[in-house]
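Asks: Any chance you could fold what I've pasted below:
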Amino acid sequence: MNEAPKVNPKCRKFEIGVRNLRDITIYPLSLSDELELSEKIIGLVDGFDAAVNIPDSEDTQEIRIAGYILSAIKGNLIELLVYVTDEEITLKDLDNEQFIDLCELIFDVNFDGAAGKIKRLLKKVKSLFPQKTLSENLSSPQVIDTNISSDSVTETEE
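Replies: Purely as a prediction, here's the structure:
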């Protein structure tokens, strides 16, 4: 007898809609997709730094920051959602709060748990290779060279 395929337990249902609500399924990213998405995010952050680090008045800079964020969302959101859902989603399907909640969910499903596991793994690896502390290095006997060189001879003047 054929068993139904197992569904990844990290999949989450998420409700979207402005007038009519519907559920979409958010899937975890594959490692390949996670790396591609991370590169896109880094590119957006680099672009943000370049766009806002122009000396100007604070008011103008805030407008530039808001403009960059809106442009980044508009230009990338739908493309980024393709990584995590099979559903057809447009900007008209989300309100601001749903958008932020969705971003948080995507982060939690894909990055938050992994970050904690990476920290635990690094602790395990560090425990295998203990490092000497500064106090241990200071308490060890110092090596003193007892060979006195007689290469330089002092001559007395006559």
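Asks: Every contact and neighbour count from this point should use C-alpha atoms.
Replies: Will do.
Asks: K6 should be in a strand, yeah?
Replies: No - counting by DSSP: H, G, I helix; E, B strand; the rest coil, K6 falls outside a strand, being coil.
Asks: neighbours around I16, how many?
Replies: When neighbours are counted by other C-alpha atoms under 10 Å, I16 registers 19.
Asks: Run through the residues that contact L102.
Replies: By C-alpha atoms under 8 Å, 6 or more residues apart in numbering, the residues touching L102 are F14.
Asks: Now do it against I24, distance only.
Replies: Applying C-alpha to C-alpha, to the nearest Å, the value for L102 to I24 is 11 Å.
Asks: Return every residue with contacts to both of these two.
Replies: Here L102 and I24 share the contacting residues F14, scored by C-alpha under 8 Å, 6+ apart.
Asks: Spell out the residue ranges of the helices in the protein.
Replies: With helices called from DSSP state H, the chain shows them at 31-52, 58-84, 96-107, 113-128, 134-139.
Asks: and K6, which of those helices is closest to it?
Replies: K6 lies closest to helix 58-84 among the helices of the chain, at 17.7 Å (C-alpha to C-alpha).
Asks: Tell me where the model's unsure across this structure.
Replies: The chain contains residues with pLDDT under 70 at 1-2, 52, 54-59, 132-158.
Asks: at 50 instead, please
Replies: Applying pLDDT under 50 to the chain picks out residues 158.
Asks: about what we covered before: with distance to P5 as new columns, can the helices of the chain be given to me in CSV?
Replies: Formatted as CSV, the helices of the chain follow (distance: least, C-alpha to C-alpha, whole Å):
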stretch, distance to P5
helix 31-52, 21
helix 58-84, 19
helix 96-107, 23
helix 113-128, 24
helix 134-139, 55
